[in-house]
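A.B. asks: here's a sequence, model it:
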Amino acid sequence: MTLQFVEPSTEAQPLKALLYGPPGSGKTCAACSSPGPILYINCEGPDALTFSRKLHGDEKIHEVAFEGKQTLVDTYVYLRAGEGGEQTVVVDSIGEMYRMLLEEVGGERATLQNYGDVNTLIERFCRSLRDLPIHVVLVAHEEIADVEGEIVRRPVTGGKKLPEILMAMMSVVSYCGVVAEKDGSPRRWVGQLIQANGRRAKDRSDTLGKSRDLDLIEWINTMRGEHTPEAPEFERPDPKKSKEAVPA
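C.D. replies: Alright, predicted model coming up:
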């Protein structure tokens, strides 16, 4: 067998991102700020896109309701064919997708084997999306977990190992939150892009800085070399408050 070497590419690669955070932190709107048209896999219910549609417009978002394993197959086949012209696929949210698949596979009394099967389904689906030549945005809520004695915030994906697997799979992992109004400056929705204060995050491109406003087209442009300033960081948690308190 002869090794096939990969030639370095000078072309900008599509964004592969995982956005997570508490409710109201701008995750869905950020995901819909990606280049359109967007294929949006909705696991969160009929009103999940109410504000995002007002902000970004109906024509940009091609919404599909998640209905189980067949949706995974149909989504991959559709995107691989490329006939719809979508530039981005969004899955919102991974945690709800996990729950719905577990109900489908295991019913009311899921076994350990059922949990393992669902982990495998989601891992393979996300990997198949990652390898397509389009932008991919996974959306998740946050959980506070004890990882080897360290209290961390990480995405809710279901499964014990799946959060780390999906974060490793994506090129960008961002903790989403709000920078409150201060000294006349308006409130801003911001993504933290470095691991700090117990929040899991990363930027494989090393171009986005510590934190940025949640505008994914701007992130993509920055990764392509169009420099723009960083956003203000989140305030550090008050040490007198609980470790589990979410800063504004």
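
A.B. asks: which strands or helices does the lengthiest helix in the chain pack on?
C.D. replies: Secondary structure of the chain per DSSP state H: the longest helix is helix 112-130. Under the contact definition 3 or more CB pairs under 8 Å, 6 or more residues apart in numbering; DSSP states H and E, helix 112-130 sits against helix 69-81, strand 88-92, helix 94-106, strand 135-147, helix 162-169. Every C-beta, even on glycine, is put in place using the N, C-alpha and C of the backbone.

A.B. asks: can you list the buried residues in stretch 189-204?
C.D. replies: Of all the residues in stretch 189-204, those buried under the rule 16 or more other CB atoms under 10 Å are 189-194, 197-203.

A.B. asks: next one: stretch 108-117
C.D. replies: Asn114, Tyr115, Asp117.

A.B. asks: cool, and stretch 82-99?
C.D. replies: Quick answer for stretch 82-99 (16+ other CB under 10 Å): Glu86, Thr88, Val89, Val90, Val91, Asp92, Ser93, Ile94, Gly95, Glu96, Met97, Tyr98.

A.B. asks: do the same with stretch 44-63
C.D. replies: Within stretch 44-63, judged by 16+ other CB under 10 Å, the buried ones are Glu44, Ala48, Leu49, Ser52, Arg53, His56, Lys60, Ile61, His62, Glu63.

A.B. asks: alpha carbons of it, as CSV, please.
C.D. replies: Extracted in CSV, the C-alpha atoms of stretch 44-63 (Å, rounded to 0.1, in the frame of the first residue of the first chain):
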residue,chain,number,x,y,z
GLU,A,44,-36.2,22.5,20.2
GLY,A,45,-39.8,22.9,19.1
PRO,A,46,-41.9,25.1,16.8
ASP,A,47,-41.0,28.5,18.4
ALA,A,48,-37.2,27.9,18.5
LEU,A,49,-36.6,30.3,15.6
THR,A,50,-39.1,33.0,16.4
PHE,A,51,-36.5,35.7,17.1
SER,A,52,-33.9,34.4,14.7
ARG,A,53,-36.3,34.6,11.8
LYS,A,54,-37.2,38.2,12.6
LEU,A,55,-33.5,39.0,12.8
HIS,A,56,-32.1,37.1,9.8
GLY,A,57,-35.2,36.6,7.6
ASP,A,58,-37.2,33.6,6.6
GLU,A,59,-35.6,33.1,3.2
LYS,A,60,-32.2,32.4,4.8
ILE,A,61,-33.4,29.6,7.0
HIS,A,62,-34.5,26.2,5.6
GLU,A,63,-36.0,24.6,8.7
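
A.B. asks: I'd like the average pLDDT over that stretch.
C.D. replies: What stretch 44-63 shows for mean pLDDT is 94.

A.B. asks: what lies in contact with it?
C.D. replies: 28-29, 31-33, 36-40, 42, 84, 86, 92-93, 96 (CB atoms under 8 Å, 6 or more residues apart in numbering).

A.B. asks: again, only using 6 Å
C.D. replies: Thr28, Cys29, Cys32, Gly36, Pro37, Ile38, Leu39, Tyr40, Asn42, Asp92, Ser93, Glu96 (CB atoms under 6 Å, 6 or more residues apart in numbering).

A.B. asks: from these, which would you call buried?
C.D. replies: Thr28, Cys29, Cys32, Gly36, Ile38, Leu39, Tyr40, Asn42, Asp92, Ser93, Glu96.

A.B. asks: please name the nearest non-neighbouring residue to the fourth one.
C.D. replies: I take that to be Gly36. In space, Gly36 comes closest to Lys60 once its chain neighbours are excluded; the distance is 3.7 Å by CB to CB, 6 or more residues apart in numbering.

A.B. asks: helices or strands up against the worst-scoring helix or strand of the chain on mean pLDDT?
C.D. replies: Using mean pLDDT, DSSP states H and E, the weakest-scoring helix or strand in the chain turns out to be strand 150-155, at a mean of 88. If contacts are counted by 3 or more CB pairs under 6 Å, 6 or more residues apart in numbering; DSSP states H and E, strand 150-155 sits against strand 135-147.

A.B. asks: please consider this matter closed, and thank you.
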